[in-house]
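*Asks:* quick one: sequence plus predicted model below, questions after.
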Amino acid sequence: MQPAPILLFPGRRGIKVGYSSVSFPAPLSPHVGKHATVLLVDSHEDSRLIYAAALRHHGLEVQVAESAQRALALARSKRPGVVVLELPPAAPFAWASIETLRGRHAPHVPVLGLSTTGLREHRERALRLGCAEFLVKPLGPVELLAHVRRFLNG
């Protein structure tokens, strides 16, 4: 019997390690094409590394930014198909960048808000500002991949 794969889950207090029998999904279909770029914005280096590795493993191009300011510049130049944006509760520029992304830089690109809190008011605010979806950490890389794929294949 083979041991269950070890999964890493970026969370609020570092990386959590878990065991799972979850199988990885098949690679993206070839018709995704030029819009298979994901802009990943997260202030935690561990999260950026884990999420980017999982997305790249499945054939996606990933542009990584550590701040919302850097993300706006990348959104203008790289034309992502999906933006995954960390929304820290005490980072007003990250929240304001949702409207900027949706309004000027990537109006037709889905923004997936990623938060360390599952507070209803944060979820409502993110959706009101233009996020297509609100995700809560800890979120495994396979789960993030599934959400990203749904919007890229949609």
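*Replies:* Sure thing, it's come through.

*Asks:* state the next helix or strand along the chain beyond the helix or strand of the chain with the lowest mean pLDDT.
*Replies:* Least confident helix or strand of the chain, by mean pLDDT, DSSP states H and E, is strand 14-19 with a mean of 49. Next along the chain after strand 14-19, taking DSSP states H and E as the criterion, comes strand 37-41.

*Asks:* just checking, what packs against that following strand?
*Replies:* Secondary-structure packing of strand 37-41 (3 or more C-beta pairs under 8 Å, 6 or more residues apart in numbering; DSSP states H and E): helix 45-57, strand 61-65, helix 68-78, strand 82-86. All C-beta spots, glycine's among them, are computed from the backbone N, C-alpha and C.

*Asks:* export those as TSV, with columns for distance to Arg150, mean neighbour count and mean pLDDT.
*Replies:* Formatted as TSV, those follow (distance: least, C-beta to C-beta, whole Å; neighbours: other C-beta atoms under 10 Å; pLDDT from 0 to 100):
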stretch	distance to Arg150	mean neighbour count	mean pLDDT
helix 45-57	13	18	94
strand 61-65	17	18	96
helix 68-78	20	17	88
strand 82-86	9	27	95
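
*Asks:* what would these look like in TSV with distance to Pro141?
*Replies:* Shown next, in TSV, are the helices and strands packed on strand 37-41 (distance: least, C-beta to C-beta, whole Å):
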stretch	distance to Pro141
helix 45-57	3
strand 61-65	12
helix 68-78	19
strand 82-86	11
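
*Asks:* which of these sits closest to Val148?
*Replies:* strand 82-86 (5.3 Å; C-beta to C-beta).

*Asks:* neighbouring strands - and their directions - for the closest one?
*Replies:* Strand 82-86 pairs in its sheet with strand 37-41 (parallel), strand 111-115 (parallel), by DSSP bridges.

*Asks:* would you reformat the ones you listed as TSV and include mean neighbour count and distance to Glu66?
*Replies:* Formatted as TSV, the entries for the strands paired with strand 82-86 read as follows, by neighbours: other C-beta atoms under 10 Å; distance: least, C-beta to C-beta, whole Å:
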stretch	mean neighbour count	distance to Glu66
strand 37-41	25	8
strand 111-115	25	14
